[in-house]
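# need a structure here:
(chains A and B)
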Protein chains: 2
Amino acid sequence: MTDNAANSDSPAAGVATKTAADELVAGILKRDRRTIAKAVTVLESLSTEAPDLLQSLQPHLGNAIVVGLTGPPGAGKSTLVNALIRDLRKDHLRIGVIAVDPSSPISGGAILGDRIRMTAALDDDGVFVRSLSSRGYLGGLSPAAVRIIDALDAAAFDLILLETVGAGQNEIDVAEVADIRIVASAPGLGDDIQAMKSGLLEIADILVVNKADREGAERTLQQLKGALSIRSGRQSRVPVVKTSALNGEGIAELIAAIQSESAKVRAIDPLERRRRRARYLIARAAADLVAERIKSGGTGLIGKLADEVLSGKSSPSAAALRILDA
Amino acid sequence: MTDNAANSDSPAAGVATKTAADELVAGILKRDRRTIAKAVTVLESLSTEAPDLLQSLQPHLGNAIVVGLTGPPGAGKSTLVNALIRDLRKDHLRIGVIAVDPSSPISGGAILGDRIRMTAALDDDGVFVRSLSSRGYLGGLSPAAVRIIDALDAAAFDLILLETVGAGQNEIDVAEVADIRIVASAPGLGDDIQAMKSGLLEIADILVVNKADREGAERTLQQLKGALSIRSGRQSRVPVVKTSALNGEGIAELIAAIQSESAKVRAIDPLERRRRRARYLIARAAADLVAERIKSGGTGLIGKLADEVLSGKSSPSAAALRILDA
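Below you'll find the model as predicted:
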């Protein structure tokens, strides 16, 4: 577990990292761009100052709202992020962006390049963008993203956009970590609504049909609304917003929907929201540990249960329950 | 856990599913295409016959070799699978393909459509292709893929190609489940080798540089060979094969590499290989259970540890260890 590597051993190192952390926090509170970038790197790479930095950030947290933006490849999420930044900056809101690319370490570089070309706002101190690859972390949202939220929160970013490709575990993770969840789709992505019903709809606070200038947009919108209408409770009231991020259409409506959700989020104790993120980090670490132990365990109970699963006598879930209860 | 749903409750249901399972197995052993498709659907959807079917398949397993094929989007994995099928069929090998699309339930339909158009071999009884979406399973390789391996193994498929987009957890899963792991890349996919070094190289038994007709292919090949040369042990001897799947170049060399690896795999007890897959299924189920328990646990030890993680006093990994040890 790389997290352990961040604990420094000697008292001398402790003092040094404490001082370094305090300096970083001072710069962050002054909203100094270079210090923020440095702090984010410290939290991303879990260098030795990271635990002290996280601790020193504590008194300065709780203002930011984390907005998760997920959806399938091709939904135009990055363009949507750029359109949101442009319009939100008109209201002088400070916007942090954490973009997680889970598809492959290999494509990470290319995506980062695209992002830099696309984000015209990069010389604006009210905007901070960091792309993370999922390198070194085995699936799902990088825990680094959750740590970085704290640095951006302390640096007085009002909204932190957490952009991820909608891919299995990632969608679930965004649902856990974000305060508001936007799920973006677009016309022509394939066997769209039928499948979207079963997974992404569940986590959405706001649905977006992007690329609304394309053929089929109205059909996609009506299908989504139809799928929502047969749901009960909260889900039947999820707003569906049609956008064309490239030319700015619908972005004002999307921002209004985000603001409406933000009001609800503000009613929740910020500490509770942060605790949920901490539980998520612990849960992921524990899941990895348990999986590792079982996969490397060949004998005893695990070996016996593996044979029962092989012969169909036991299901993997039933076997897992017995191991956890043992 | 959907796995539990597969356990039938009444003795009457038990007899009925046993008979249904026996009929499926009889058809599978006769290599009847429609029965194989039906059995695969039973195992994919975990319908009531699934546990009996898995049990009845047991005496007929152990022949097939599972070849995992992974790599980033754009590496041309599907084209590679088609080229492999075409040439392997010349040797009368029976080929099963399980394609897992983790990117999104939404793109599942489109990818399936592409596959059907591409696989010219679909009217050949020696080839069976099934595309799975990751729908209903939260990240990583679908456990359904592991169950389906048994049906294809019993149906006397010699090689089972397990094709997945290389994406975080998925890569790791393929490494666990497959007997032979092929990692495909292609020139021009971005910040390629530097990143590939850190993740995909570790799991590869065979490396492929596909789209070798493209500019930069030789450079990519040399970089991969260079990266391997500084490694020790097994990894320094991983073969790197240049292919152009679209026009069939290099496929014979790739098949030779697969056959060389197959000989090593044949030396391992098939039961041991299957036990590793069972442990993997249990590990995934246990990891999900543990994560669920921790995320929903707000008080007591978990609540205390969440606060310690928030304040930087404890790392998520250290907290996870303490929960698991408690």
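# run a quick neighbour tally on A:Gly216.
Neighbours of A:Gly216 under the rule other CB atoms under 10 Å in any protein chain shown: 16. Any C-beta I mention is one placed from the backbone N, CA and C, and that applies to glycine too.
# how near is it to chain B?
Using CB to the nearest CB, to the nearest Å, A:Gly216 is found at 13 Å from chain B.
# can you check A:Ser229 too?
When A:Ser229 is compared with chain B (using CB to the nearest CB), they lie 20 Å apart.
# ok, the nearest residue to that residue once chain neighbours are set aside - contacts?
Once flanking residues are discounted, A:Ser229 sits nearest to A:Ser236: 6.3 Å by CB to CB, 6 or more residues apart in numbering or on different chains. Taking CB atoms under 8 Å, 6 or more residues apart in numbering or on different chains, we find A:Ser236 in contact with A:Leu228, A:Ser229, A:Ile230.
# against chain B, how distant is A:Ser236?
For A:Ser236, the distance to chain B - CB to the nearest CB - is 21 Å.
# A:Ala245 too?
18 Å.
# number of nearby residues for that residue?
26.
# pretty sure A:Ala144 contacts A:Thr41?
No. When contacts are counted by CB atoms under 8 Å, A:Ala144 is not listed as touching A:Thr41 (10.0 Å).
# give the helix, strand or coil label for the residue nearest to A:Ser229.
helix (DSSP: H, G, I helix; E, B strand; the rest coil).
# state the pLDDT value of it.
With respect to pLDDT, A:Ser236 scores 74.
# helix or strand: which one has A:Glu163?
strand A:159-164 (DSSP states H and E).
# circling back: who has more neighbours, A:Ala144 and A:Thr41?
When A:Ala144 and A:Thr41 are compared for neighbours, A:Ala144 comes out ahead with 24 against 14, by other CB under 10 Å.
# who touches the nearest residue to the more buried one once chain neighbours are set aside in this structure?
Leaving aside its sequence neighbours, A:Ala144 sits nearest to A:Glu44 (CB to CB, 6+ apart; 4.5 Å). Taking CB under 8 Å, 6+ apart, we find A:Glu44 in contact with A:Arg130, A:Leu132, A:Ala144, A:Arg147, A:Ile148.
# against chain B, how distant is A:Val66?
From A:Val66 to chain B the distance is 15 Å (CB to the nearest CB).
# so what touches the helix or strand hosting that residue?
In the assignment (DSSP H and E), A:Val66 maps to strand A:65-70. The contact list for strand A:65-70, computed with CB under 8 Å, 6+ apart, reads A:77, A:80-81, A:149, A:158-166, A:170-171, A:174-175, A:177-184, A:200, A:203, A:258, A:262, A:265-266.
# could you list the paired strands of that strand along with their orientation?
According to DSSP bridges, strand A:65-70 has the following sheet partners: strand A:159-164 (parallel), strand A:180-185 (parallel).
# burial count for A:Ile258?
Residues lying near A:Ile258 (other CB under 10 Å) number 22.
# I'd say it and A:Arg181 touch.
No. Here A:Ile258 lies out of contact with A:Arg181, judged by CB under 8 Å, at a distance of 10.8 Å.
# tell me, what's touching these two both at once?
Counting by CB under 8 Å, 6+ apart, the shared contacts of A:Ile258 and A:Arg181 are A:Val67, A:Ile206.
# identify all contacting residues around stretch A:53-60.
By CB under 8 Å, 6+ apart, the list of residues contacting stretch A:53-60 reads A:18, A:20-22, A:24-25, A:28-29, A:39, A:42-43, A:147, A:150-151, A:153-154, B:310-313.
# how does chain A divide into domains?
A:1-59, A:61-268, A:279-325 (automatic domain parsing).
# just the buried subset of the contacts of stretch A:53-60, please.
Those of the contacts of stretch A:53-60 that meet the buried threshold are A:18, A:20-21, A:24-25, A:28, A:39, A:42-43, A:147, A:150-151, A:153-154, B:310, B:312, by 16 or more other CB atoms under 10 Å in any protein chain shown.
# so which of the residues you listed comes closest to B:Asp124?
Each of these was checked against B:Asp124 using CB to CB; the closest is A:Arg147, at 52.0 Å.
# name the helices or strands packed onto the one helix or strand A:Arg219 maps to?
Assessed by DSSP H and E, A:Arg219 sits inside helix A:217-229. For helix A:217-229, the packing partners by 3 or more CB pairs under 8 Å, 6 or more residues apart in numbering or on different chains; DSSP states H and E come out as helix A:192-198, helix A:200-203, strand A:206-209, strand A:240-242.
# and A:Glu215, how many neighbours?
9.
# ok so, going back, so of the contacts of stretch A:53-60, which ones are in helices?
Those of the contacts of stretch A:53-60 mapping onto helices are A:18, A:20-22, A:24-25, A:28-29, A:39, A:42-43, A:147, A:150-151, A:153-154, B:310, per DSSP state H.
# give the residue spans of the stretch 51-200 of chain A that score low on pLDDT.
For the stretch 51-200 of chain A, the stretches flagged by pLDDT under 70 are A:73, A:101-123, A:133-142, A:165-172, A:189-200.
# any idea how far A:Val208 is from A:Gly250?
Distance, A:Gly250 to A:Val208, by CB to CB, to the nearest Å: 8 Å.
# more neighbours, the two?
A:Val208 (31 against 19).
# ok, what's across the strand from that one?
Here A:Val208 sits in beta bridges with A:Ala184, A:Val241, going by DSSP bridges.
# for it, what are its contacts?
Counted by CB under 8 Å, 6+ apart, A:Val208 has contacts A:Gly71, A:Ala75, A:Leu80, A:Ile182, A:Val183, A:Ala184, A:Ser185, A:Val240, A:Val241, A:Lys242, A:Thr243, A:Leu254.
# nearest spatial neighbour of the third one, chain-adjacent residues omitted?
Right, the one you point to is A:Leu80. A:Ala245 (4.4 Å).
# pretty sure that neighbour contacts A:Asn210?
Yes. Applying CB under 8 Å as the test, A:Ala245 and A:Asn210 come out as touching, 5.6 Å apart.
# what's the overlap in contacts for the two?
Taking CB under 8 Å, 6+ apart as the contact rule, A:Ala245 and A:Asn210 both touch A:Gly76, A:Thr79, A:Leu80.
# can you pick the most crowded of those residues?
A:Leu80 (27 neighbours).
# so what's the residue count around A:Arg31?
For A:Arg31, using other CB under 10 Å, the count is 16.
# residues contacting it?
With CB under 8 Å, 6+ apart, A:Arg31 has these contacts: A:Arg94, A:Asp125, A:Ala155, A:Ala156.
# would you list the phi and psi of the first one?
Right, A:Arg94. Dihedral pair for A:Arg94: phi -90, psi 130, per degrees, to the nearest 10.
# ok, now how distant is it from B:Leu162?
From A:Arg94 to B:Leu162 the distance is 46 Å (CB to CB).
# looking at these two, which has the bigger crowd around it?
Ranked by neighbour count (other CB under 10 Å), A:Arg94 and B:Leu162 place B:Leu162 first, with 27 against 21.
# for that one, give the beta-bridge partners.
The partner residues for B:Leu162, given DSSP bridges, come to B:Gly68, B:Ile98.
# wait, doesn't it sit right on B:Ala145?
Yes. When contacts are counted by CB under 8 Å, B:Leu162 is listed as touching B:Ala145 (6.4 Å).
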